[in-house]
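In: what's the 3D shape of this:
(chains A and B)
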Amino acid sequence: MADAVLFEFLHTEMVAELWAPDADPGSGSADRITPQHKAGLSGKKKSWSVLEGLGFRVGQALGERLPRETLAVREELDALKFLCKDLWAAMFQKHMDGLRTNHQGTYVLQDNNFPLLLTMGSGSQYIEEAPKFLAFTCGLLCGALHTLGFRSLVTASVTALPACKFQVVMQKS
Amino acid sequence: MGENKDLFVLTYGALVAQLCKDYEKDEDVNKYLDKMGYGIGTRLVEDFLARSCVRRCHSYSEIIDIIAQVAFKMYLGITPSVVCHNSSRNEFSLILDKNPLAEFVEELPAGRSALCYCNLLCGVIRGALEMVHLATDVTFLQDRLKGDRVTEIGITFLKKLDEKKYKRKK
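Out: Residues are numbered from 1 along each chain as shown, chains lettered A, B, ... in the order given. Sure thing, here's the model as predicted:
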């Protein structure tokens, strides 16, 4: 659908603009005033949290807009299934390709063709760049789970573009 | 369509909030939004041309009509009305009485009265038109978020298109 494209383009632009290289704070971005930047926090770490934080807010907001019956999800596994089917379909018009769990609070969600990685080439030389394109979505998954009543830690990894895995570790509240 | 648009609109809102954190001055946020929009526009035009198969345009008003009736409809689900401001037909406005980008925004954040919340759109239009070799100036002339009755985007084509010259065979 045409408007899914808008989100993908916006996401690409956000990654390009908000991902700060590990450069000294004084170069080229003198008008940025965030305290973290002045303190010289590692560029990558800050970039990940900025994108992740944006994703979290959006995930929460998306979660709040879901139909009432979805919010009655109580079981952890149902929440994860919801992410893999309903949320993923709403965002990317497809389902997650795989969901595995150790039944002890850790889940691995596999997408073999992650749309936000498709803008990159598929050679292995791009794998280093891939995390930039996953930060926002990690935050989004975490934010959506939060609205469903679950605290989690979400990370992602890429072995072969455009496939990726999201690892969700549920936190005890 | 609803959920996809929500995702875009919510992400945009989060982005604007982040930029407001990073930049103290409204003008800087506006500039940044315009810059990002420009980047999007330069790529979006390809997507648009692939989806819409529009014919070659012979006048600026044809182009503006396509932007309003095809592009805006396709990507944002609305059809702004078009106004032409001058007899040389290179200054136009798009009038939006509903602005999907600002759907979840009731008012501008405190202390941000000069913020052009939807400035991304100006950059998108400018970037897209530049890719088809048309230089333009695109700005918000009115903004409902600032208390105006409608949201108005002004588009000025910077090079005068001489229709006679265009039709003459070389």
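In: per-residue pLDDT, the closest residue to B:Thr42 other than its chain neighbours?
Out: Nearest residue to B:Thr42, sequence neighbours excluded (Cβ to Cβ, 6 or more residues apart in numbering or on different chains): B:Gly127, at 4.3 Å. All C-beta spots, glycine's among them, are computed from the backbone N, C-alpha and C. On pLDDT, B:Gly127 comes in at 96.
In: mind listing what's buried in the helix ranked longest in chain A?
Out: When chain A is parsed with DSSP state H, its longest helix is helix A:43-64. By neighbour count on 16 or more other Cβ atoms under 10 Å in any protein chain shown, the buried set for helix A:43-64 is A:43, A:46-48, A:50-63.
In: Stretch B:120-136 now?
Out: B:120-129, B:134, B:136.
In: can you tell me which of these are in helices?
Out: Those of the buried residues of stretch B:120-136 mapping onto helices are B:120-129, per DSSP H.
In: moving C-terminal of the longest helix along chain B, what's the next helix or strand?
Out: Across chain B, the longest stretch assigned as helix under DSSP H is helix B:26-52. Under the assignment DSSP states H and E, the closest C-terminal helix or strand after helix B:26-52 is helix B:60-66.
In: contacting residues around the helix or strand following that following helix?
Out: Elements were assigned by DSSP H and E; along the chain past helix B:60-66, the next helix or strand is helix B:72-76. Outside helix B:72-76, the residues that touch it by Cβ atoms under 8 Å, 6 or more residues apart in numbering or on different chains are A:2-3, A:5-6, B:5, B:44, B:48, B:51-52, B:78-80, B:94, B:100-101.
In: Please identify the residues of chain B in proximity to chain A?
Out: B:1, B:3-8, B:10-12, B:14-15, B:17-18, B:21-25, B:28, B:32, B:35-36, B:39-40, B:43-44, B:47, B:51, B:74-77, B:104, B:120 (Cβ under 8 Å from any Cβ of the partner chain).
In: Name all residues that make contact with the nearest residue to A:Gly55 once chain neighbours are set aside.
Out: Computed as Cβ to Cβ, 6+ apart, the closest residue to A:Gly55 that is not its neighbour in sequence is A:Gly139, at 2.7 Å. By Cβ under 8 Å, 6+ apart, the contact set of A:Gly139 is A:51-59, A:154.
In: Mind telling me what element A:Gly139 is part of?
Out: helix A:135-147.
In: Could you report the neighbour count for B:Lys73?
Out: B:Lys73: 15 surrounding residues under other Cβ atoms under 10 Å in any protein chain shown.
In: The one 3 residues further on too?
Out: Using other Cβ under 10 Å, B:Leu76 is surrounded by 21 other residues.
In: can you give me the helices for chain A?
Out: Using DSSP H, helices in chain A cover A:2-18, A:35-39, A:43-64, A:68-71, A:76-82, A:88-92, A:135-147.
In: Now tabulate these in CSV and tack on mean pLDDT.
Out: Shown next, in CSV, are the helices of chain A (pLDDT from 0 to 100):
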stretch, mean pLDDT
helix A:2-18, 88
helix A:35-39, 45
helix A:43-64, 89
helix A:68-71, 60
helix A:76-82, 90
helix A:88-92, 89
helix A:135-147, 96
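In: can you redo these as a markdown table with distance to A:Asp111?
Out: Converted to a markdown table, the helices of chain A look like this (distance: least, Cβ to Cβ, whole Å):
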| stretch | distance to A:Asp111 |
| --- | --- |
| helix A:2-18 | 14 |
| helix A:35-39 | 31 |
| helix A:43-64 | 15 |
| helix A:68-71 | 21 |
| helix A:76-82 | 14 |
| helix A:88-92 | 8 |
| helix A:135-147 | 9 |
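In: which residues touch the residue nearest the centre of chain A?
Out: Nearest residue to the geometric centre of chain A (Cα atoms, centre = their mean): A:Thr137, 1.5 Å. The contact partners of A:Thr137, by Cβ under 8 Å, 6+ apart, come to A:55, A:116, A:156, A:166.
In: Cool, thanks, talk later.
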